[in-house]
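Visitor: Model the following, please.
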Amino acid sequence: MMVCLRKLEWGRVAAAAFASAAVLLSAAFGARAEGFAVVPTGVIYPGQEIEATQLSEVEITNPNLRGGYATSVGQVVGMISNQTLLPGRTVPIAALRAPYAVKRGSQLRLNFTIGNMVISAAGMPLQDAQIGDLIKVRNLDSGVIVSGTVLPNGSVQVLTR
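Guide: As a prediction, the model looks like this:
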């Protein structure tokens with residue numbers, strides 16, 4: 001009977017030692033840094049342009065954190081938020097977009113090219129757009145609505161029909 005109790009006690013001691021070693025190892029590996037993430041210091045609302053003063057870089061200690069988040073402030077500054085970003089939460093890359101190159105209702109230059117000839121006119125975009133987007137623009141001189149591609153300089157290259 002004494003032998004059985006001692007084996008049971010040693011079994012419990014071994015199990016307790018194994019459990020405490022597992023806890024210590026998981027704590028040691030859990031505290032290991034996995035890189036950095038960008039988090040807002042205050043609430044950022046949809047449509048708001050993000051500034052450096054609104055952000056902070058924090059060290060990642062959770063190895064189970066899903067990817068797809070910004071890892072440096074440079075990735076986020078100047079971008080526009082598509083959703084509400086909460087303080088202390090990682091900033092998902094999918095929640096950001098580049099600012100519009102042209103704004104609806106502003107004035108821009110329309111360019112129409114035929115061979116070597118370029119015709120230019122004043123226009124007003126009917127929607128917000130980024131570089132490379134196909135948009136509709138009203139010619140301010142004639143009132144005709146044309147379609148064109150937004151160029152990097154903020155003008156629109158009119159498409160031929």
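Visitor: Please count neighbours and contacts with C-alpha atoms only from this point.
Guide: Fine.
Visitor: Could you report the distance from the residue nearest to the spatial centre of the chain to residue 66?
Guide: Closest to where the C-alpha atoms of the chain average out (Cα atoms, centre = their mean) is residue 93, at 2.4 Å. Applying Cα to Cα, to the nearest Å, the value for residue 93 to residue 66 is 12 Å.
Visitor: again, but for residue 121
Guide: Distance from residue 121 to residue 66, by Cα to Cα: 49 Å.
Visitor: Between the two, point out the one with more neighbours.
Guide: Between residue 121 and residue 66, counting by other Cα atoms under 10 Å, residue 121 is the more crowded of the two (13 against 9).
Visitor: Enumerate every residue touching the more buried one.
Guide: 109-111, 139-141 (Cα atoms under 8 Å, 6 or more residues apart in numbering).
Visitor: follow-up on the earlier one: wait, the residue nearest to the centre of the chain sits on residue 67?
Guide: No: using Cα atoms under 8 Å, residue 93 is not in contact with residue 67; the gap is 9.5 Å.
Visitor: For residue 59, which non-adjacent residue is closest in space?
Guide: residue 36 (4.5 Å; Cα to Cα, 6 or more residues apart in numbering).
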